[in-house]
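Student: What would the 3D arrangement of this be:
(one chain, ligands or ions: 1)
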Amino acid sequence: MSAFDYDLFVIGGGSGGVRAARMAAAEGASVGLAEESRMGGTCVIRGCVPKKLMVFASSYRETFDDARAYGWDLTDGPIYWPGFRGKLEAELDRLEGVYQRLLSGSGVDWVGQRATLRDPHEVELADGSVKSAKHILIATGGRPFVPDLPGSEHVITSDDIFHLPDLPKSMLIVGGGYIACEFACILHGLGVEVTQFYRGAQILRGFDDEARGLVAEKMIERGIHLRTGTNVLELQDRGADGTWVKATDGSHGIYDRVMYATGRDPNSRGLGLEDLGVEIGRRGQIVVDAYSQTAVPSIYAIGDVTDRVALTPVAIREGMAFTETVFKGNPTPVDHELIPSAIFTQPELGTVGLTEEAARDREPIDVYCSSFRPMQQSFAGREDRVLMKLIVSKATRKVLGCHIVAPQAGEMIQLVGIAVKMGATKEDFDRVMAVHPTMAEELVTMRAPVRSA
Ligand code: NDP
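Tutor: Next up is the predicted model:
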């Protein structure tokens, strides 16, 4: 008979927390879980899932245009936002229910309440009850960060975008990362006049220069008013007219809505962690070792709250590695190397491994690159261009990085990721027969490097 109420108590019902709870329960552990908001967390409720459905919704405008170019007799019209939003909300309700049933079906004892820590083995729930557990897992995710500036209380974030009663006519998006760029494309596709401010010289800092340059070029070409080297100085609420914005370049303008996508902060505050000796980093992240263990041996943390790699599949893997380590007696460090990811801009950017800039700082490389007009869009008269790029080590011939800008680049990079993770060389790529006619066949048909560095 255990001295604790549970073997494991998980705080946070997002992708990572739910996976860890279910896997631990499958190993015979008694598991409790507390979630203060909706079950499913950022990814399911206010992130990846509703975002991707909005990407689909917004992409039909171009599909209709292209279909007409292919000879279809279609009439144009705006999206009926309340119709889409209602369906989206129903889908999120459905998914929340799926998550709740998955937990209950696995025997996890879950509650819809906030939990805080009282000691290394005890959590206190919002209703005042206290639960003890041998191990506690913090999987509380993150939340949007909005810088403090005059009028910043008038802005919205990606959390609010899915619930807008009406689609605004105009919108200013501030930021140049994943969320800002994805929503600039989504809202533009839905018919909103989009302006995007980014404080640096080029959006998507940290991604391959050539790839992010092409994404920026295509966003501008589609009609997004992208203004780099520009930030907000001040905002004022102008009632029904919208929000007045003064920019660092001296200009000002009025937008129906202003959305900030300037990064996310780990949700570590107010949990009682510091008092227990859990180390909190400068950005508010819970500091953990390779096994997701904090400085307090019974307390572990996974996912965005640890600010390692803020991606859903990474949080899930961290949850699985935690269960493997703690409940299967098989210490498993999390492998954060060569993570493929995609930015669902229009066109998409898929990436795995090193950028050209990072790779050439490390070792001599060959760069293989092909940029061309894709058949489907070219036939429709669109000026779109696709980029397929491989970064190859001169010494080992290993593919160190792959960057794709193309429709469905997210789907492609998932598969390329397998080969790159396996350590495939350029010659391994070349031995594979092309699938013709596709865009991705360029990945196995690029003969000579375009440059070496
Ligand atoms: P990012 O860190 O990607 O981007 C933040 C952006 O905001 C940067 O362009 C940054 O500029 C800018 N910024 C930061 N502070 C300020 C400021 N004070 N004033 C003006 N601009 C500022 O964060 P996101 O919010 O876009 O996304 C958070 C995380 O969520 C991502 O890192 C990613 O891990 C994850 N995500 C993944 C997605 C996917 O896989 N498709 C989709 C959405 C999110 P600078 O570059 O100069 O620092």
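
Student: gap between residue 131 and residue 186?
Tutor: Taking CB to CB, to the nearest Å as the measure, residue 131 falls 41 Å from residue 186. C-beta: built from backbone N, CA, C; applies to glycine.

Student: Who has more neighbours out of those two?
Tutor: For residue 131 versus residue 186, neighbours defined as other CB atoms under 10 Å are more numerous around residue 186 (24 against 20).

Student: Okay, and the more buried one sits in which element?
Tutor: Using DSSP states H and E, residue 186 falls within helix 178-189.

Student: Quick check: which helices or strands does the helix or strand following that helix pack against?
Tutor: Toward the C-terminus, helix 178-189 is succeeded by strand 193-198 as the next helix or strand (DSSP H and E). Counting contacts by 3 or more CB pairs under 8 Å, 6 or more residues apart in numbering; DSSP states H and E, strand 193-198 is packed against strand 170-174, helix 178-189, strand 225-228.

Student: Let me know which of those is the nearest to the ligand.
Tutor: Of all the helices and strands packed on strand 193-198, it is helix 178-189 that lies closest to the ligand, at 3.4 Å by CB to the nearest ligand atom.

Student: Could you check the angle that closest one makes with strand 170-174?
Tutor: 170 degrees (axes from the mean of the first three to the mean of the last three CA atoms, to 10 degrees).

Student: in helix 178-189, what counts as buried?
Tutor: Under the neighbour-count criterion of 16 or more other CB atoms under 10 Å, helix 178-189 has 178, 179, 180, 181, 182, 183, 184, 185, 186, 187, 188, 189 buried.

Student: so which of those are also by the ligand?
Tutor: 178, 179, 180, 182 (CB under 6 Å from any ligand atom).

Student: Which residue ranges of the stretch 251-400 of the chain form strands?
Tutor: Per DSSP state E, counting those that start in this stretch, the stretch 251-400 of the chain carries strands over the ranges 252-255, 257-260, 264-266, 299-301, 341-343, 348-353, 365-372, 386-393, 399-406.

Student: Out of the ones you listed, which is closest to residue 198?
Tutor: strand 257-260 (12.1 Å; CB to CB).

Student: what's that closest one packed up against?
Tutor: Applying 3+ CB pairs under 8 Å, 6+ apart, we find strand 257-260 packed against helix 158-161, strand 170-174, strand 243-247.

Student: Identify all contacting residues around it.
Tutor: Under the criterion CB atoms under 8 Å, 6 or more residues apart in numbering, residues 144, 146-147, 152, 154-158, 160-161, 164, 168, 170-175, 183, 232, 235, 242-243, 245 lie in contact with strand 257-260.

Student: Would you tell me whether it gets close to the ligand?
Tutor: No - legend: contact between strand 257-260 and the ligand by CB under 6 Å from any ligand atom is lacking; minimum distance shown is 7.9 Å.

Student: Show me how far that strand is from its chain's centre.
Tutor: Distance, stretch centre to chain centre, for strand 257-260: 19 Å (CA atoms, centre = their mean, to the nearest Å).

Student: ok, how many other residues are close to residue 250?
Tutor: Per other CB under 10 Å, the neighbour tally for residue 250 reads 7.

Student: circling back to that earlier point, can you lay out the helices and strands packed on strand 193-198 as JSON lines showing mean pLDDT?
Tutor: As requested, these are exported to JSON lines (pLDDT from 0 to 100):
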{"stretch": "strand 170-174", "mean pLDDT": "98"}
{"stretch": "helix 178-189", "mean pLDDT": "98"}
{"stretch": "strand 225-228", "mean pLDDT": "98"}
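
Student: Compare the ones you listed and give me the one nearest residue 90.
Tutor: Residue 90 lies closest, by CB to CB, to one member of these: helix 178-189, at 19.5 Å.

Student: Tell me, how many residues neighbour the residue in the stretch 1-150 of the chain that the ligand sits nearest to?
Tutor: Of all residues in the stretch 1-150 of the chain, residue 147 sits closest to the ligand, at 3.6 Å by CB to the nearest ligand atom. Residues near residue 147, counting by other CB under 10 Å, number 12.

Student: re earlier: for the buried residues of helix 178-189, which one is nearest residue 118?
Tutor: Once CB to CB is applied, the member of these that ends up nearest residue 118 is residue 179, at 34.9 Å.

Student: ok, for the residue of the stretch 1-150 of the chain closest to the ligand, nearest residue in space, not its chain neighbours?
Tutor: What sits nearest to residue 147 in space, not counting adjacent residues and going by CB to CB, 6 or more residues apart in numbering, is residue 262, at 6.1 Å.

Student: so where do the helices sit in this structure?
Tutor: For the chain, the helices defined by DSSP state H occupy 15-26, 41-46, 48-69, 81-105, 158-161, 178-189, 209-222, 273-276, 312-327, 356-362, 375-379, 409-421, 426-431.

Student: In the protein, what residue lies closest to the ligand?
Tutor: Closest contact between the chain and the ligand, by CB to the nearest ligand atom, is at residue 177 (2.0 Å).

Student: Looks like that residue contacts residue 264 (just checking).
Tutor: No - if you go by CB atoms under 8 Å, residue 177 and residue 264 don't touch, sitting 9.4 Å apart.

Student: of the two, who's got more company?
Tutor: Between residue 177 and residue 264, counted using other CB under 10 Å, residue 264 has the larger neighbour count: 22 against 18.

Student: Does the more buried one touch residue 304 like I think?
Tutor: Yes - assessed by CB under 8 Å, residue 264 is found in contact with residue 304 at 6.8 Å.

Student: anything in contact with each of the two?
Tutor: The contact lists of residue 264 and residue 304 share 142, 310, where a contact means CB under 8 Å, 6+ apart.

Student: ok, which residues in the protein are in contact with the ligand?
Tutor: Within reach of the ligand by CB under 6 Å from any ligand atom, the chain has these residues: 147, 174-180, 182, 198-200, 205, 231, 261-264, 310-311, 341-344.

Student: Would you mind writing the ChimeraX command to select the buried ones in those?
Tutor: Buried residues among these (16+ other CB under 10 Å), as a ChimeraX selection:
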select :174,175,176,177,178,179,180,182,198,231,261,262,263,264,310,311,341,342,343,344
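
Student: ok, residue 395 - contacts?
Tutor: Here residue 395 is in contact with 363, 364 (CB under 8 Å, 6+ apart).

Student: I'd like the distance between it and residue 401.
Tutor: To residue 401, residue 395 is 15 Å away according to CB to CB.

Student: How about residue 176?
Tutor: Counting by CB to CB, the gap between residue 176 and residue 401 amounts to 21 Å.

Student: picking up where we left off before, tabulate the strands of the stretch 251-400 of the chain (a markdown table), appending mean pLDDT.
Tutor: A markdown table is the format used below for those (pLDDT from 0 to 100):
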| stretch | mean pLDDT |
| --- | --- |
| strand 252-255 | 98 |
| strand 257-260 | 98 |
| strand 264-266 | 98 |
| strand 299-301 | 98 |
| strand 341-343 | 98 |
| strand 348-353 | 98 |
| strand 365-372 | 98 |
| strand 386-393 | 98 |
| strand 399-406 | 98 |
